[in-house]
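Asker: structural data only, the sequence is not supplied:
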C-alpha cells in the first residue's frame, strides 16, 4: 500500500511540475510565397524574342526569390482580358501583362481588382493606384544598331522591318535611322512591315522584299515575326545580315545575324517581382535604357571577327557613341517626328 501511495504522489508531483512549465513556443511559420502571374500575347512564350525574355525573368523570380509563378499564353487578342482576370481571381499578385497590346485589357482588369497589383511591360499608363508600368528607351539601342549597320553595309542601303505601325515600334525605327544618319546621311533606309508579331512567314516575306530591292542589312522589331527576317538573311547567304531584337538572336543563324538589339524585358519582370516581394512596388512608370544596362547590342560572338576585319575602328566607335548616350551628350529621337530635327554629333 505504501508503495502504491509513493507512486501516486510521484505522478501527482510530476503532473504539477509539468503543468507549471510553459510549452515550447511554436516556431513562426514562413510567409507564403509571392504568387506572380504573367500573360503574354499571341506570339507565345517561345518566340525567341520579347515574350521569351519576359518568361526568363519570371523563371528567375521563382529560382532566386522563391516566387510561385504561372505564365499564360494567349491564343487570340480576345484572350488577354480573360487570362488577366483568371490570374487575378486565382490569387496572383502581381499580375504582369507583357506587351503594348494588353494595355486596355490590363486597365479594365485592374479596375475590377483594385486590391491586386498589376504590372504592364511596354504598355500605356492607365494612371491607376495598383498599376506599375515598365518602359524602355528602345531608340537608344536601335541607334547603335543603325550606326553599326551603316559602317558595315556595302550597298549603302539598309532596311527595317516592323511588326505593327504603332508608336512603340516607331521608337525602334527612329533610333535606327538616327544611327544610320550619324554615320552617313547618304545611306538609304528602306522600311517594311509584317503587320504581325507572330507570323514568321510574313516577316520573311517583308525582309526578302527589302533584300531583293538592294538592301544588305535588315533590322527587325517584329517580335515572333522577326524569326522570318533572320531566315531570309540566312537564305540570302554571305554579305547579307539580319539584326535581331529583344533577345540575343545571334545564334539563330550564326554569321548571318550581325548583332541583336537586346531589350532586357527579363530584367523588368524580375525587378517587378522583387519589388512585389519587398513591398516596394509602386504605381507609375519606370523607364530603362542604356544607362540602366537594359538595352544593348549583343556580344556579336559570331560576327565580331568579321566586323574587325572590315575595319578595326567600327566597334570602338560604337562604344564611344554608347558612352555619349549614357552621359546624355547625345539625345536619340524616339519618334519619326523628332527625327526630322535630329542633328548628328560632329565628333565621336
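Answerer: Happy to help now that I have it. Source: prediction; values computed, not measured.
Asker: any idea how far the residue lying closest to residue 264 once chain neighbours are set aside lies from residue 95?
Answerer: Leaving aside its chain neighbours, residue 264 sits nearest to residue 294 (4.5 Å; criterion: CB to CB, 6 or more residues apart in numbering). Any C-beta I mention is one placed from the backbone N, CA and C, and that applies to glycine too. Applying CB to CB, to the nearest Å, one obtains 22 Å for the distance of residue 294 from residue 95.
Asker: what does residue 335 give?
Answerer: Taking CB to CB, one finds residue 335 at 30 Å from residue 95.
Asker: quick one: which of these two has more around it?
Answerer: residue 95 (31 against 14; other CB atoms under 10 Å).
Asker: give me phi/psi at residue 297?
Answerer: phi -80, psi 150 (degrees, to the nearest 10).
Asker: number of nearby residues for it?
Answerer: The number of residues near residue 297, taken as other CB under 10 Å, comes to 22.
Asker: now do residue 91
Answerer: For residue 91, using other CB under 10 Å, the count is 11.
Asker: domains for the protein, by residue range?
Answerer: The record's domain split for the chain, according to automatic domain parsing, is 35-136+266-288, 138-263+311-339.
Asker: give me the phi and psi for residue 192.
Answerer: Dihedral angles (degrees, to the nearest 10) for residue 192: phi -140, psi 160.
Asker: surely it meets residue 211?
Answerer: No - if you go by CB atoms under 8 Å, residue 192 and residue 211 don't touch, sitting 10.4 Å apart.
Asker: need the phi and psi values for the most centrally placed residue in the chain.
Answerer: In the chain, the C-alpha nearest the mean C-alpha coordinate belongs to residue 265, at 1.9 Å (CA atoms, centre = their mean). Residue 265 has phi and psi values of phi -60, psi -30 when expressed as degrees, to the nearest 10.
Asker: again with residue 161
Answerer: phi -120, psi 120.
Asker: what residues are up against it?
Answerer: Applying CB atoms under 8 Å, 6 or more residues apart in numbering, we find residue 161 in contact with 191-194, 203, 206-207, 210, 218-222, 225-226, 229.
Asker: and if we set it to 7 Å?
Answerer: When contacts are counted by CB atoms under 7 Å, 6 or more residues apart in numbering, residue 161 touches 192-194, 203, 206-207, 218, 220, 222, 229.
Asker: please narrow those to those residing in helices.
Answerer: Among the contacts of residue 161, the ones falling in helices (DSSP state H) are 203, 206-207, 229.
Asker: distance to residue 283, pLDDT and neighbour count added to those, as TSV?
Answerer: Converted to TSV, those look like this (distance: CB to CB, whole Å; pLDDT from 0 to 100; neighbours: other CB atoms under 10 Å):
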residue	distance to residue 283	pLDDT	neighbour count
203	35	97	33
206	38	98	28
207	40	98	30
229	36	98	35
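Asker: can you count the residues close to the nearest residue to residue 112 once chain neighbours are set aside?
Answerer: Distance criterion CB to CB, 6+ apart; nearest residue to residue 112, sequence neighbours excluded, is residue 85 at 7.0 Å. Under the neighbour criterion other CB under 10 Å, residue 85 is assigned a count of 17.
Asker: same deal with residue 233?
Answerer: 29.
Asker: looks to me like it is in a helix.
Answerer: Yes - with DSSP: H, G, I helix; E, B strand; the rest coil as the criterion, residue 233 is part of a helix.
Asker: not counting sequence-adjacent ones, nearest residue to it?
Answerer: residue 242 (3.7 Å).
Asker: list the helices and strands the helix or strand that contains residue 317 packs on?
Answerer: Counting by DSSP states H and E, the element that carries residue 317 is helix 314-326. Applying 3 or more CB pairs under 7 Å, 6 or more residues apart in numbering; DSSP states H and E, one finds that helix 314-326 contacts helix 138-152, helix 304-310.
Asker: out of those helices, flag the one nearest residue 279.
Answerer: Shortest distance between residue 279 and the helices and strands packed on helix 314-326, using CB to CB, is found for helix 138-152: 30.0 Å.
Asker: tell me how far that closest one lies from the chain's centre.
Answerer: 18 Å (CA atoms, centre = their mean, to the nearest Å).
Asker: same question for stretch 123-136.
Answerer: Centre to centre, stretch against its chain (CA atoms, centre = their mean), the figure for stretch 123-136 is 15 Å.
Asker: assumed residue 287 was part of a strand.
Answerer: Yes - Residue 287: assigned to a strand according to three-state DSSP.
Asker: below-threshold pLDDT in the stretch 201-348 of the chain: ranges please.
Answerer: Counting by pLDDT under 70, the stretch 201-348 of the chain shows no low-confidence range.
Asker: just name the most buried of the domains of the chain.
Answerer: Mean neighbours per residue, mean count of other CB atoms under 10 Å, is largest over these for domain 138-263+311-339, with a mean of 22.
Asker: that domain spans what distance, first to last residue?
Answerer: 14 Å (CA to CA, to the nearest Å).
Asker: what of stretch 145-164?
Answerer: Span of stretch 145-164 from end to end, CA to CA: 20 Å.
Asker: reformat the domains of the chain as JSON lines; add distance to residue 301.
Answerer: Output for the domains of the chain, formatted as JSON lines (distance: least, CB to CB, whole Å):
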{"stretch": "domain 35-136+266-288", "distance to residue 301": "17"}
{"stretch": "domain 138-263+311-339", "distance to residue 301": "6"}
